[in-house]
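Trainee: Need coordinates for the below:
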Amino acid sequence: MIVPEIPDNEVSRLRALQATGLLDTDREAVFENLTQLIAMSFDVPIVAISLIDKNRQWFKSIQGLDACETHRDISFCGHVVFHDSALIVEDARLDERFHDNPLVAGEPNIVFYAGVPIAFKYENQTYAIGSLCLIDQQARTLTDKQLVVLKQFAKQVEETINTRLETIITTNESAIKSQFLANMTHELRTPVSAVISMLEVIKLNADDDILMKQVSIAEKSAHIGLSVIEDILTFSRIDAGEINVLQEEFRLAECFLDLMNMFENANKTSQKQFLFAHDWDASLIVKGDEAKLKQVLFNILSNADKFTFTGEIQVLAHIEIIESNLVKLHCTISDTGIGMTEQQRRNLFQPFQQFETQADRRFGGSGLGLSISQALISAMGGNITVSSHEGKGSTFSFDVMLETVSTDGHVTKQADNNEFDSLSQLNVLVVEDDMTNTIIAEHLLSHLNISYESVSNGIEGLAALQKTQFDLILLDCQMPEMDGYEMSRQIRLGHSGCNPPTIPIIALTANSLQADREECVAAGMNDFLSKPINIEELTRKIYLNTLNA
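Mentor: Residues are numbered from 1 along each chain as shown. Predicted structure coming up:
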């Protein structure tokens, strides 16, 4: 038996082989289908795509043989790689190179072999990384025409390898880009959220109408900036196929009113009105993804606000009862703005579309808002449409499915002002490493007449629990020394000092992803607040989590 020789370019050839990313990967249908087709075309029992590694030949795909690899020294394909040319052995039993080869003398009893090189281009050089081979257990010949066909099949294998690699590279680049966008938007979101929360604090203490107007304008601008950041982050999630729809309870009317009030306050001196009408009881509580619904509403209202200089922006919403606990929300947002051409309307939901109008050049935008809104509505099981007339305005209509929730349960119980007064008896531990966010939390708690103590990491938080009794913990998730997740786990394990290990914990998080919330729950936290912190939401969360504590 003659052992296959090692090519002069072996080191570079092995690097090329590694670069394919094929070795030790699972079977893939595209290669399996190809070897099955080749086996039928040549009427042979065994077909293999064999890759020649340092000490072995490894089969990316093989038909007719239950093996994944053999030693390189006994391989026929090793000879193909060394000579970088076709090898035809009509009867291995009569060939001095192979007659005593273990694969000939024993299983799988190779008699006929035909192999052609599989080439791969790496760093501007082409290398033989393996062989496409036919094997039979009886003697046979291969015509010149059949050899040409086999080489064509090898070319198809090469193209499949290249396509596979390009797909992996593209996918990895997309993942890296998405992660970069997620990281970047998270870093941007944190300070903008702090600005919005600080403006909330200023509003609570403002006793001057002029100051209130100025704060409202600043608040709207900050929300627009945050919306752009959220759009970029959402786009990266859509691009990565990571959109998850949350199912949480919220007051449907408040979802609309929060945004309408913000736009109204910021436009008090303008020549346009914001009108809102709905046909359900203001106390209606539904279950759905409030954050995504607000993101859609904000994007559409922002566009209407941007392109309407005088007149009205009207929001009409009604619910259609589908089942006893299921409703369809229908929402129409109309404006008397500059409208769109038919071409603009057709391209409206395409990402990165901005129209060449004076308003767009003046106010800019990411060009993502409406494309993202369409994706979010679709994820929530709804549809969105638009009609528009140039110079007369536009109308957006969308619908989403929502569950209705009984107001009898403790989760959705609403408190009156007297019940909220009881919050002043509480003592809250704030665990937050960011000084700005700490100051904001302290101001909001002070406004609610709630006593508090602030520390900057989980270790300090556990130490505070040893000395003082608290009714609730506001806990940042990302901190140095010890993060919020670990602190929560330690508390639930009983390291809570003079406090019960069941003390309510509300996570403070810059993210609203399902995975982040699941991590909070897994760490033992009771609830979560997404930054920027809103005093109404903070009040509600504190009340609900201390109601039966």
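Trainee: what number of residues lie near residue 143?
Mentor: Residue 143 is flanked by 8 other residues according to other Cβ atoms under 10 Å. No exception for glycine: its C-beta is placed from N, CA and C like everyone else's.
Trainee: Can you name the residues that contact it?
Mentor: For residue 143, no residue counts as a contact, taking Cβ atoms under 8 Å, 6 or more residues apart in numbering as the criterion.
Trainee: and the gap between it and residue 117?
Mentor: 19 Å (Cβ to Cβ, to the nearest Å).
Trainee: Show me what the lengthiest strand in the chain is packed against.
Mentor: The single longest strand within the chain, with elements called by DSSP state E, is strand 310-323. Under the contact definition 3 or more Cβ pairs under 8 Å, 6 or more residues apart in numbering; DSSP states H and E, strand 310-323 sits against helix 252-266, strand 271-278, helix 290-307, strand 326-335, strand 393-404.
Trainee: For residue 69, find the nearest of the ones you listed.
Mentor: helix 290-307 (49.5 Å; Cβ to Cβ).
Trainee: host element of residue 430?
Mentor: strand 427-431 (DSSP states H and E).
Trainee: Can you give the contact residues for the longest strand of the chain?
Mentor: For strand 310-323, contacts defined as Cβ under 8 Å, 6+ apart pick out 252, 256, 260, 263, 271-280, 284, 297, 301, 304-305, 327-337, 393, 401-402.
Trainee: Which of these are buried? Put it as a ChimeraX command.
Mentor: Selection command for ChimeraX covering only the buried members of the contacts of strand 310-323, criterion 16 or more other Cβ atoms under 10 Å:
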select :252,256,260,263,272,274,276,278,284,297,301,304,305,327,329,330,331,333,334,335,336,337,393,402
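Trainee: quick one, what contacts the residue nearest to residue 485 when sequence neighbours are not counted?
Mentor: The shortest distance from residue 485 to any non-neighbouring residue, by Cβ to Cβ, 6 or more residues apart in numbering, is to residue 523 (4.2 Å). With contacts defined as Cβ under 8 Å, 6+ apart, the neighbours of residue 523 are 484, 485, 486, 488, 489, 492.
Trainee: Same question for residue 487.
Mentor: Shown in contact with residue 487 (Cβ under 8 Å, 6+ apart): 431, 458, 461, 462, 475.
Trainee: so where's the stretch 251-400 of the chain shaky on pLDDT?
Mentor: Judged against pLDDT under 70, the low-scoring parts of the stretch 251-400 of the chain cover residues 351-367.
Trainee: helices or strands next to the one helix or strand residue 191 maps to in the packing?
Mentor: Under the criterion DSSP H and E, the helix or strand holding residue 191 is helix 144-205. With contacts defined as 3+ Cβ pairs under 8 Å, 6+ apart, the packing partners of helix 144-205 are helix 10-20, helix 29-42, strand 112-122, strand 125-136, helix 209-239, helix 435-447.
Trainee: Any regions of the stretch 401-549 of the chain where pLDDT drops low?
Mentor: Low-confidence segments of the stretch 401-549 of the chain (pLDDT under 70): 406-421, 511-515, 548-549.
Trainee: residue boundaries of the strands in it?
Mentor: Under the criterion DSSP state E, counting those that start in this stretch, strands of the stretch 401-549 of the chain are mapped to 427-431, 451-455, 472-476, 505-509, 527-530.
Trainee: who's in contact with the first one?
Mentor: Read that as strand 427-431. Here strand 427-431 has contacts from 438, 441-442, 445, 450-458, 460-461, 464-465, 468-476, 479, 484, 487, 542, using Cβ under 8 Å, 6+ apart.
Trainee: Same check on the shortest one?
Mentor: Among residues not part of strand 527-530, those counted as contacts by Cβ under 8 Å, 6+ apart are 291, 474, 504-512, 516-517, 520, 537-538, 541, 544-545.
Trainee: ok, it: who's next to it in the sheet?
Mentor: Strand partners for strand 527-530, identified by DSSP bridges, are recorded as strand 505-509 (parallel).
Trainee: Let me know the angle separating the partner strand from helix 435-447.
Mentor: Relative orientation of strand 505-509 versus helix 435-447 (axes from the mean of the first three to the mean of the last three Cα atoms, to 10 degrees): 140 degrees.
Trainee: Need the contact partners of strand 505-509.
Mentor: With contacts defined as Cβ under 8 Å, 6+ apart, strand 505-509 is touched by 432, 437, 441, 472-477, 484, 488, 491, 516-517, 520, 524-531, 533, 541-542, 545.
Trainee: Pull out the buried positions in stretch 451-470.
Mentor: Buried, per 16+ other Cβ under 10 Å, within stretch 451-470: 452-462, 464-465, 470.
Trainee: Please read the previous query as pertaining to stretch 304-323.
Mentor: In terms of neighbour count (16+ other Cβ under 10 Å), stretch 304-323 has its buried residues at 304, 305, 306, 307, 308, 313, 314, 315, 316, 317, 319.
Trainee: Spell out which residues sit in contact with the nearest residue to the fourth one once chain neighbours are set aside, please.
Mentor: Closest residue to residue 307 in three dimensions, ignoring its sequence neighbours and counting by Cβ to Cβ, 6+ apart: residue 337, at 4.0 Å. Residues near residue 337 by Cβ under 8 Å, 6+ apart: 304, 307, 308, 309, 311, 393, 394.
Trainee: Checking residue 337 next. Helix, strand or coil?
Mentor: Applying DSSP: H, G, I helix; E, B strand; the rest coil to residue 337 yields a three-state assignment of coil.
Trainee: What is the neighbour count of residue 342?
Mentor: 10.
Trainee: Would you mind measuring from it to residue 48?
Mentor: Residue 342 is 58 Å from residue 48, where distance means Cβ to Cβ.
Trainee: List only those of the contacts of strand 527-530 flagged as buried.
Mentor: Among these, those that count as buried by neighbour count (16+ other Cβ under 10 Å) are 291, 474, 504-512, 517, 520, 538, 541, 544-545.
Trainee: quick revisit: between which two of the contacts of residue 487 is the distance greatest?
Mentor: The most distant members of the contacts of residue 487, if one measures by Cβ to Cβ, are 462 and 475, lying 11.3 Å apart.
Trainee: Measure how far stretch 237-256 is from the centre of its chain, please.
Mentor: When C-alpha coordinates are averaged (Cα atoms, centre = their mean, to the nearest Å), stretch 237-256 and its chain have centres 13 Å apart.
Trainee: For that stretch, buried residues please.
Mentor: Burial within stretch 237-256, assessed by neighbour count using 16+ other Cβ under 10 Å, is assigned to 237-240, 243, 249-256.
Trainee: want to throw those residues into CSV with distance to residue 157?
Mentor: As requested, the buried residues of stretch 237-256 are arranged in CSV below (distance: Cβ to Cβ, whole Å):
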residue, distance to residue 157
237, 36
238, 35
239, 31
240, 31
243, 37
249, 56
250, 55
251, 61
252, 58
253, 62
254, 61
255, 56
256, 59
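Trainee: Return the member of the residues you listed nearest to residue 135.
Mentor: Residue 135 lies nearest to residue 240 out of these, by Cβ to Cβ, at 43.1 Å.
Trainee: and residue 104, how many neighbours does it have?
Mentor: Neighbour tally, residue 104, other Cβ under 10 Å: 21.
Trainee: Do you know the pLDDT at it?
Mentor: pLDDT recorded at residue 104 is 96.
Trainee: what helix or strand does it sit in?
Mentor: According to DSSP H and E, residue 104 maps onto helix 102-105.
Trainee: Which residue, other than its chain neighbours, is closest to residue 79?
Mentor: Residue nearest to residue 79 in three dimensions, not counting chain neighbours: residue 4, with 4.9 Å by Cβ to Cβ, 6+ apart.
Trainee: again with residue 174
Mentor: For residue 174, the nearest residue in space outside its immediate sequence neighbours is residue 239; the separation is 6.5 Å by Cβ to Cβ, 6+ apart.
Trainee: need the contact list for residue 48.
Mentor: Residues counted as contacts of residue 48 (Cβ under 8 Å, 6+ apart) are 35, 59, 61, 62, 63, 65, 77, 131, 132, 133, 135.
Trainee: Before I go, just wanted to say thanks for your time.
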